[in-house]
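> Give the three-dimensional model of this entry:
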Amino acid sequence: MRFLAGGQSASTLRNRIFVVFVLIFFLYAYHSQQITYSAIISSQENVLESCEQQSAGLKARLKLIWDHKQMVEKKLEKMEQKSLRDEETSRKLREEIVPNLRTAATNCGVKLDDCQKSLNECQIRPAVPKEHVENDASIREELMKLKKRKWTI
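Prediction:
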């Protein structure tokens, strides 16, 4: 320890030893702080990595949900369009076709009643001329046609 005691006083020696201890203390503190910071940084990097993985998973789920939502919206739109078309068709049936069919059925019923009356009149008469017999057959044919129409309406 000659370099410490080389002709210098004790207070100078104490000062040098104190400076060396302070220097060692600061180096130790700096080193332990660096180790602590590196541990914190590595743990934060792990947390960041897990957050990025969760974020990627959530993005994938969100995309799947978004795609499903778009598909459901398209199906709903198609169903609404079909419903509107069905309503339009139903309205058209109610307003145009059904009254026409009712009118036709009423007309056929009137014709049927007229033919039935004519047939009954022909059957009630005791002596029927030949031309009435021919008319009677045509009346029966007309009656059969009207009966068939009435059942199909």
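
> Name the residues of the strand or helix carrying residue 117 that are buried.
In the assignment (DSSP states H and E), residue 117 maps to helix 98-124. Within helix 98-124, the residues scored as buried using 16 or more other CB atoms under 10 Å are 108, 111, 112, 115, 118, 122. Where you see a C-beta, it was placed from the backbone N, CA and C, and this is true even at glycine.

> so how far is stretch 22-38 off the chain centroid?
Distance, stretch centre to chain centre, for stretch 22-38: 62 Å (CA atoms, centre = their mean, to the nearest Å).

> Contacts for that stretch, please.
Residues outside stretch 22-38 that contact it (CB atoms under 8 Å, 6 or more residues apart in numbering): none are found.

> mind saving the C-alpha coords of that stretch as CSV?
Extracted in CSV, the C-alpha atoms of stretch 22-38 (Å, rounded to 0.1, in the frame of the first residue of the first chain):
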residue,chain,number,x,y,z
VAL,A,22,-17.8,6.4,-2.6
LEU,A,23,-16.7,5.5,-6.1
ILE,A,24,-17.3,1.8,-5.4
PHE,A,25,-20.7,2.6,-3.8
PHE,A,26,-21.8,4.7,-6.8
LEU,A,27,-20.6,2.0,-9.2
TYR,A,28,-22.5,-0.6,-7.2
ALA,A,29,-25.6,1.5,-7.0
TYR,A,30,-25.4,2.3,-10.8
HIS,A,31,-24.9,-1.4,-11.6
SER,A,32,-27.8,-2.5,-9.4
GLN,A,33,-30.0,0.2,-10.9
GLN,A,34,-29.1,-1.0,-14.4
ILE,A,35,-30.0,-4.6,-13.4
THR,A,36,-33.3,-3.4,-11.9
TYR,A,37,-34.1,-1.3,-15.0
SER,A,38,-33.3,-4.2,-17.4
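
> which parts of that stretch are buried?
Going by 16+ other CB under 10 Å, stretch 22-38 has no buried residues at all.

> tell me the secondary structure for residue 8?
coil (DSSP: H, G, I helix; E, B strand; the rest coil).

> Thank you, goodbye.
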